[in-house]
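Colleague: 3D, please:
(one chain, ligands or ions: 1)
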Amino acid sequence: MHPAPAHTPLPDIAVLGLGGTIAGTATGDPTLPGYTAGVLGVDDLLQRIPSLARLARLHTEQVANIDSKDMGFALWTRLAARVAHWLEQPHIRGCVITHGTDTLEETAYLLQLVHRSPKPVVLTAAMRPATALDADGPQNLLDAVRVAVQAPDIGVVCVMHGRVHAARDVTKASTHRVDAFSSGERGPLGEIDGTGLRLWRQPVAEAGAPFALPSAEAWPRVEVVRNQAGADGAVVRCLLDCAGLQPPLRGLVVAGTGGGTVHDDLATALEQARSMGVRVEVASRVGPVHGGAYDGLNVDKLRVRLILELARA
Ligand code: SIN
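Modeller: Prediction:
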């Protein structure tokens, strides 16, 4: 724990470390590969931001230290349990999670769907490793703690580059810019800077939430297939024919073209999947499709939601 000055009644915030570039280090040697994600511990990251001690009493936990491309269901289960554990404690005002940028949007939406507490959960990340001259992690982490302190009922959000994004909307939209995250056509919920937090809108409520997390061995298999030139449905038929697939196929999310259109040949294979009891839902490879039951969800968020819906069924 990082002590605050004794006379100041500061809010208690839990900071959970997951890894990512925000905890990454670079060699500085141009002949070696660029950097390694998930090296430094969450306490190391916080020590680089002395002004945090004036903002909150921080309680830290290193839940994992991974490159978030390797995120999996077991770690999601553990993370959700640790978030719930911290938020159940009356003195904890909110939770901040340091995460890799690559799958942050999926983790954020999963937590939004299973979140049972009114307290805030703020995910943050960085595009530059902690050892870079222009590291963006410290400012993002400072901003994330400030949002957790100042927005008591905001739900699950992502704070990056001075913007506050809803878990439902946020997506990584650049492979290299520090301003890598976007909330698409809906835009961010608000912004945070040296003068404070400004919220322009509230996040939309999630129909059917909160969902229960599947038990460790019962995460239903939902795969993503893509519509594209020459999409003939062979991938779908292979999945259907794969007798030994464990866990078996329960759902398919289609990254459709345009507003969610599908090649006739792929559509035939998807019909076969439906007739075999596989749930099929269509999003768009272009971005969120507005309207309908899954209004505005991108392909990867729709997959997260379908997994939880199938686990509930
Ligand atoms: C990761 O997602 O863990 C690596 C990439 C990043 O954090 O930017």
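Colleague: distance of Leu297 relative to His290?
Modeller: 10 Å (CB to CB, to the nearest Å). For glycine as for every other residue, the C-beta is placed from the backbone atoms N, C-alpha and C.
Colleague: which of those two has more residues huddled nearby?
Modeller: More crowded of Leu297 and His290, by other CB atoms under 10 Å: Leu297, with 23 against 11.
Colleague: what's near enough to touch the more buried one?
Modeller: Listed by CB atoms under 8 Å, 6 or more residues apart in numbering, the contact set of Leu297 reads Arg168, Ala283, Pro288, Arg305.
Colleague: Ala148: which of these is nearest?
Modeller: Nearest to Ala148 out of the contacts of Leu297 is Arg168 (CB to CB; 18.6 Å).
Colleague: distance of that closest one from the ligand?
Modeller: 20 Å (CB to the nearest ligand atom, to the nearest Å).
Colleague: residues making contact with the longest helix seen in the chain?
Modeller: When the chain is parsed with DSSP state H, its longest helix is helix 73-88. Contact partners of helix 73-88, identified using CB under 8 Å, 6+ apart, comprise 14, 16, 18, 59, 61, 63-64, 66, 92, 94-95, 97, 107, 110-111, 114-117, 119, 121, 213-214, 216, 219.
Colleague: if you count neighbours, what's buried in it?
Modeller: Within helix 73-88, the residues that qualify as buried are Leu75, Trp76, Thr77, Leu79, Ala80, Arg82, Val83, Ala84, Trp86, Leu87, counting by 16 or more other CB atoms under 10 Å.
Colleague: got the contact list for the residue in the chain positioned nearest to the ligand?
Modeller: Proximity of the chain to the ligand (CB to the nearest ligand atom) peaks at Gly100, 1.9 Å away. Going by CB under 8 Å, 6+ apart, Gly100 touches 18-22, 37-38, 66-69, 71, 125.
Colleague: and with 7 Å instead?
Modeller: Shown in contact with Gly100 (CB atoms under 7 Å, 6 or more residues apart in numbering): Gly19, Gly20, Thr21, Ala37, Asp67, Ser68, Ala125.
Colleague: flag every residue of this structure that's near the ligand.
Modeller: Proximity of the chain to the ligand, by CB under 6 Å from any ligand atom, involves residues Gly19, Gly20, Thr21, Ala37, Asp67, Ser68, Lys69, Gly100, Thr101, Asp102, Ala125, Met127.
Colleague: just the ones of those in helices?
Modeller: Those of these lying in helices (DSSP H): none at all.
Colleague: now the residue nearest to Ala293 when sequence neighbours are not counted: how far from Pro11?
Modeller: Nearest non-adjacent residue to Ala293, counting by CB to CB, 6 or more residues apart in numbering: Ala207, 7.8 Å away. Applying CB to CB, the value for Ala207 to Pro11 is 31 Å.
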